[in-house]
Each structure stands twice: as C-alpha cells, then as structure tokens.
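Enquirer: Next comes the sequence, and after it the predicted model I'd like to discuss.
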Amino acid sequence: MIVIKVTNASDVVASRIGRFLADLTPSGFDQGKVEEELIKQLVEQLAAQGLQGELASVQGLDLHNQLVTVDSKVQVRRHRVF
C-alpha cells in the first residue's frame, strides 16, 4: 500500500488560478480538487504501465513523518479501480 499526503494544495491552486481567487476558496475545496486531479493522473499512468489495483482518497487517515494515525471516523471520499 502506498500513502501520499498532499501538503501544498492551496499553493498549487493559487499557482493555477491566482492568489486572490485562491484566497476566496476554502482550503478543503483546494485539497479536494488537487486530490481529484492527482487520482485521475495516477490512474492513467498506472493503467498505462499495465498495473491493476484501486486508488482512494481517504479522510480520517493522516501521515506524520513515519507514523500513520487513524481517526475514529475514516471515510473514503473518492475511489477508482484501474
């Protein structure tokens, strides 16, 4: 299993749409849009390499250095099979 944590979603969105508009959008929206695009691109690339599997965006799971923490409520926000 591979865990990817995006920590600069707001910066990525700001670089694409401008800092002023990015400041008007909530950070949760930024995180969701970046995760959505990342999942799309990862699925395309992994499938192109002949790999099969599943990819999910999960809320309630966090990565801190070498420690993975699980909240009492874990929710899958997006799920793709490739």
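Expert: It's in.

Enquirer: What is the neighbour count of Gly60?
Expert: 13 (other CB atoms under 10 Å). Using the backbone N, CA and C atoms, a C-beta is placed for each residue, glycine as well.

Enquirer: Which pLDDT value goes with it?
Expert: pLDDT, Gly60: 91.

Enquirer: And Leu21, by the same measure?
Expert: In this prediction, Leu21 carries a pLDDT score of 58.

Enquirer: can you check Glu54 too?
Expert: Per-residue pLDDT puts Glu54 at 94.

Enquirer: which residues touch it?
Expert: 79-82 (CB atoms under 8 Å, 6 or more residues apart in numbering).

Enquirer: Please apply the same query to Ile4.
Expert: Counting by CB under 8 Å, 6+ apart, Ile4 has contacts Leu38.

Enquirer: That one belongs to a strand, doesn't it?
Expert: No - the assignment for Ile4 is coil, going by DSSP: H, G, I helix; E, B strand; the rest coil, so no strand is present there.

Enquirer: Give me the distance between it and Asp71.
Expert: With distances taken as CB to CB, to the nearest Å, Ile4 is found 18 Å from Asp71.

Enquirer: hmm, back to that, among the contacts of Glu54, name the ones in strands.
Expert: With strands taken from DSSP state E, the overlap with these comprises 79-81.

Enquirer: Now which of those would you call buried?
Expert: Among the ones in strands among the contacts of Glu54, none scores as buried (criterion: 16 or more other CB atoms under 10 Å).

Enquirer: okay if I get the residues you listed as TSV plus pLDDT?
Expert: Formatted as TSV, the ones in strands among the contacts of Glu54 follow (pLDDT from 0 to 100):
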residue	pLDDT
His79	93
Arg80	92
Val81	94
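
Enquirer: Just the buried positions in the host helix or strand of Glu36, please.
Expert: Element membership of Glu36 [criterion: DSSP states H and E] is helix 27-48. Buried positions in helix 27-48, judged by neighbour count with 16+ other CB under 10 Å: 30-35, 38-39, 43.

Enquirer: name the helices or strands packed onto that helix?
Expert: When contacts are defined as 3 or more CB pairs under 8 Å, 6 or more residues apart in numbering; DSSP states H and E, helix 27-48 sits against helix 9-17, strand 54-64, strand 67-81.
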